[in-house]
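1. please find the sequence and the predicted model below.
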Amino acid sequence: MMEPKRVADSQVITTQLVLPNDTNQLGNLLGGTLMHWIDIAAAIAAQRHSDRVCVTASVDELNFHHPIRLGDVVTLQVSVNRAFRTSMEIGVVVTAQTRSGHDSRRANNAYLTFVAIDEAGKPVEVPAVVPGSQDEIRRYDEALVRRERRLAHRST
């Protein structure tokens, strides 16, 4: 039996500066660039939790609430919401702060599923998640609902 891990043990916070090469003709961050940043940060959290190489199994939801502009500072806060047998739901909250630093807004959120694999590329079991705070407990409970929805969608 694997020792369960606290959410805090695998959390990732990363920061990016939106540069001209990251934007479209309107000066907004390219969605694909943000998806790349999200995938990498989520993979790090999954790897920290499982102590294994992890692969992206699905991206359930990626919601764009506000545009992210050239020069904004983007922060990704990443947590393992819940672990199942070999998979983990990773939650990502993206905030953007203007150049002046006075305006910070939640720009995006995403839910991804990662699977831990062994050297042969086969799925392996992962430790359970131990939520601590009320927010972690809420995310833990909601992750099960999203997983059931994913599995039901897959079977149809």
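-> That came through, no problem. Residues are numbered from 1 along each chain as shown.
2. ok, residue 66 - contacts?
-> By Cβ atoms under 8 Å, 6 or more residues apart in numbering, the residues touching residue 66 are 96, 105, 106, 107. Just so you know, the C-beta spots here come from the backbone N, C-alpha and C atoms, and that holds for glycine as well.
3. 7 Å instead?
-> Applying Cβ atoms under 7 Å, 6 or more residues apart in numbering, we find residue 66 in contact with 96, 105, 107.
4. and if you look at residue 113?
-> Per Cβ under 7 Å, 6+ apart, neighbours of residue 113: 57, 58, 60, 87, 89.
5. now for the residues you listed: which two are most distant?
-> Greatest spatial distance among these (Cβ to Cβ): 60 and 87, at 11.9 Å.
6. ok, the two, which is more surrounded?
-> Counted by other Cβ atoms under 10 Å, residue 60 and residue 87 do not tie: residue 87 has more neighbours, with 21 against 14.
7. that one - nearest residue in space that isn't next to it in sequence?
-> residue 115 (4.9 Å; Cβ to Cβ, 6 or more residues apart in numbering).
8. next SSE after the strand or helix carrying residue 110?
-> Applying DSSP states H and E as the criterion places residue 110 in strand 104-117. Proceeding N to C from strand 104-117, the next assigned helix or strand is strand 129-130, under DSSP H and E.
9. ok, residues contacting that following strand?
-> 4, 5, 6, 7, 80, 82, 83, 140.
10. returning to that earlier point: next, the buried residues of the strand holding residue 110.
-> By neighbour count with 16 or more other Cβ atoms under 10 Å, strand 104-117 contains the buried residues 107, 108, 109, 110, 111, 112, 113, 114, 115, 116, 117.
11. same list (the residues you listed) but as JSON lines, adding distance to residue 134.
-> Putting these into JSON lines (distance: Cβ to Cβ, whole Å) gives the following:
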{"residue": "107", "distance to residue 134": "24"}
{"residue": "108", "distance to residue 134": "23"}
{"residue": "109", "distance to residue 134": "18"}
{"residue": "110", "distance to residue 134": "22"}
{"residue": "111", "distance to residue 134": "19"}
{"residue": "112", "distance to residue 134": "23"}
{"residue": "113", "distance to residue 134": "24"}
{"residue": "114", "distance to residue 134": "25"}
{"residue": "115", "distance to residue 134": "28"}
{"residue": "116", "distance to residue 134": "28"}
{"residue": "117", "distance to residue 134": "33"}
